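> have a look at this prediction, sequence included:
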Amino acid sequence: MAISKVWVEEDCIACGLCVEICPEVFVLKDISTVIEGVSYSDHEAKIKEAAESCPVSVIKYTE
């Protein structure tokens, strides 16, 4: 199944790991944020890696 939605929950600690793994989808402002308008299907493996690597498990996605 394709990823249809990606978001970062409130408890983000702004470590920047998701941006290092997938800068095409994530950007670091005060906290990590998902870039709007990105085609998630082009970056599914990296989105999943970022979610699995998040030290506070706040990166979520739906398929």
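It's in. Just so we're clear, the structure is a prediction, and the values are computed from it rather than from any experiment. Numbering: from 1, shown residues only.

> contacts and neighbour counts: CA atoms only from here.
Will do.

> give me the residue ranges of this structure where confidence is low.
Along the chain, no part satisfies pLDDT under 70.

> can you map out the strands along it?
Applying DSSP state E to the chain gives strands spanning 5-8, 26-28, 32-34, 59-62.

> identify the residues contacting the third one?
Pointing back at strand 32-34 there. Val6, Trp7, Val8, Cys12, Ala14, Gly16, Cys18, Val19, Val25, Phe26, Val27 (Cα atoms under 8 Å, 6 or more residues apart in numbering).

> which of these are buried, as a ChimeraX select command?
Applied in ChimeraX, the following selects the buried portion of the contacts of strand 32-34 according to 16 or more other Cα atoms under 10 Å:
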select :6,7,8,12,16,18,19,25,26,27
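
> and which of the contacts of strand 32-34 is nearest to Gly37?
Each of the contacts of strand 32-34 was checked against Gly37 using Cα to Cα; the closest is Val25, at 9.2 Å.

> show the contacting residues for the closest one.
By Cα under 8 Å, 6+ apart, the contact list for Val25 reads Val19, Val34, Ile35, Val38, Tyr40, His43, Ile47.

> just the buried ones from those residues?
Neighbour counting with 16+ other Cα under 10 Å marks Val19, Val34, Tyr40, Ile47 as buried within those.

> give me the residues contacting the longest helix that the chain contains.
Looking across the chain with DSSP state H, the single longest helix is helix 44-53. By Cα under 8 Å, 6+ apart, the residues outside helix 44-53 that reach it are Ala2, Ile3, Leu17, Cys18, Ile21, Cys22, Val25, Tyr40, Ser57, Val58, Ile59, Lys60.

> alright, calling it a day.
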